[in-house]
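1. any chance you could fold what I've pasted below:
(chains A and B)
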Amino acid sequence: DAGVIQSPRHEVTEMGQEVTLRCKPISGHNSLFWYRQTMMRGLELLIYFNNNVPIDDSGMPEDRFSAKMPNASFSTLKIQPSEPRDSAVYFCASNTGSVTGELFFGEGSRLTVL
Amino acid sequence: GESVGLHLPTLSVQEGDNSIINCAYSNSASDYFIWYKQESGKGPQFIIDIRSNMDKRQGQRVTVLLNKTVKHLSLQIAATQPGDSAVYFCAENSGGSNYKLTFGKGTLLTVNP
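-> Next up is the predicted model:
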């Protein structure tokens, strides 16, 4: 299996620009999660989807952040406009939708906003 | 153990020694716990999990202990190897009927050859 695939792996952009991060979950997984990791706050859950439907977006920082899952094999996390404090590593993860079991993470997208 | 400060707790051990990494979780209603390992530049990787109806679970070279009375979780690594050097996170499922992992701040394990 290819695992969870994220792109881009690295992105450097200027404040005010739009950023789009992409994720392809493991085939057959029903749940998809977006996490953000910083030294200050650790791993924070931003939003998660079950069967392509957003279930809990309470972790999304503000209206500048949005996430979509148009189908079972693709999700995007968009930041518009980006700010320097958005600099972090963003992880996508997926699992089968069970309430127990492993959550499979991608390699992450490292975002730097100048 | 876990810390809410800016700096990761650090554990430094000699190769071959046993390591114990501790974690205090926050939600007494959490019923499922996982330990993850994260190497530099990579995503977290699953190590071992435990349900709240157990107090101990063993894997290959790893053991997880759960003390619900004091909301404490520990990960024991036997015969620690240089390849075990990484940041270790505990995570609790605080989502009830939904799967919603909340992660601790992590502990940096350094194994000296």
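2. helix or strand for the residue in chain B positioned nearest to chain A, which one?
-> Nearest to chain A, among the residues of chain B, is residue B:43, at 3.4 Å (CB to the nearest CB). C-betas here are computed from N, CA, C, even on glycine. Here residue B:43, judged by DSSP states H and E, is contained in no helix and no strand.
3. that one: neighbour count?
-> Neighbourhood size, residue B:43 [other CB atoms under 10 Å in any protein chain shown]: 21.
4. try the one 4 residues further on
-> Neighbour count for residue B:47, taken as other CB under 10 Å: 21.
5. check residue A:4 too.
-> Quick note: residue A:4 (other CB under 10 Å) scores 24 neighbours.
6. over to the one 3 residues further on?
-> If you count neighbours by other CB under 10 Å, residue A:7 ends up with 15.
7. repeat for residue A:45
-> 22.
8. so who does it touch?
-> A:33, A:34, A:35, A:56, A:59, B:100, B:101, B:102 (CB atoms under 8 Å, 6 or more residues apart in numbering or on different chains).
9. show me what the residue nearest the centre of chain A is bridged to.
-> By CA atoms, centre = their mean, the mean C-alpha position of chain A lies nearest to residue A:34, the distance being 3.2 Å. Counting by DSSP bridges, residue A:34 is bridged to residue A:47, residue A:92.
10. got the contact list for it?
-> A:23, A:45, A:46, A:47, A:48, A:67, A:75, A:77, A:90, A:91, A:92.
11. okay but residue A:79 is in contact with residue A:86, surely?
-> Yes. If you go by CB atoms under 8 Å, residue A:79 and residue A:86 touch, sitting 5.5 Å apart.
12. common neighbours of the two, please.
-> A:19, A:64, A:111.
13. of the residues you listed, which are in range of chain B?
-> Among the shared contacts of residue A:79 and residue A:86, no residue sits close to chain B (CB under 8 Å from any CB of the partner chain).
14. would you turn the residues you listed into JSON lines with neighbour count, secondary structure and pLDDT?
-> Below are these laid out as JSON lines (neighbours: other CB atoms under 10 Å in any protein chain shown; DSSP: H, G, I helix; E, B strand; the rest coil; pLDDT from 0 to 100):
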{"residue": "A:19", "neighbour count": "20", "secondary structure": "strand", "pLDDT": "98"}
{"residue": "A:64", "neighbour count": "15", "secondary structure": "coil", "pLDDT": "96"}
{"residue": "A:111", "neighbour count": "21", "secondary structure": "strand", "pLDDT": "98"}
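15. which single one of those is nearest to chain B?
-> residue A:111 (14.5 Å).
16. a markdown table for the contacts of residue A:45, including pLDDT?
-> Output for the contacts of residue A:45, formatted as a markdown table (pLDDT from 0 to 100):
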| residue | pLDDT |
| --- | --- |
| A:33 | 96 |
| A:34 | 97 |
| A:35 | 97 |
| A:56 | 90 |
| A:59 | 92 |
| B:100 | 83 |
| B:101 | 88 |
| B:102 | 89 |
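17. tell me the one among these nearest to residue B:28.
-> residue B:102 (13.1 Å; CB to CB).
18. tell me which element that closest one falls in.
-> Going by DSSP H and E, residue B:102 is in strand B:101-103.
19. any residues of chain A in contact with chain B? List them.
-> A:4, A:31, A:33, A:35, A:39-40, A:42-43, A:45, A:48, A:50, A:55-56, A:91, A:93, A:95, A:97-108.
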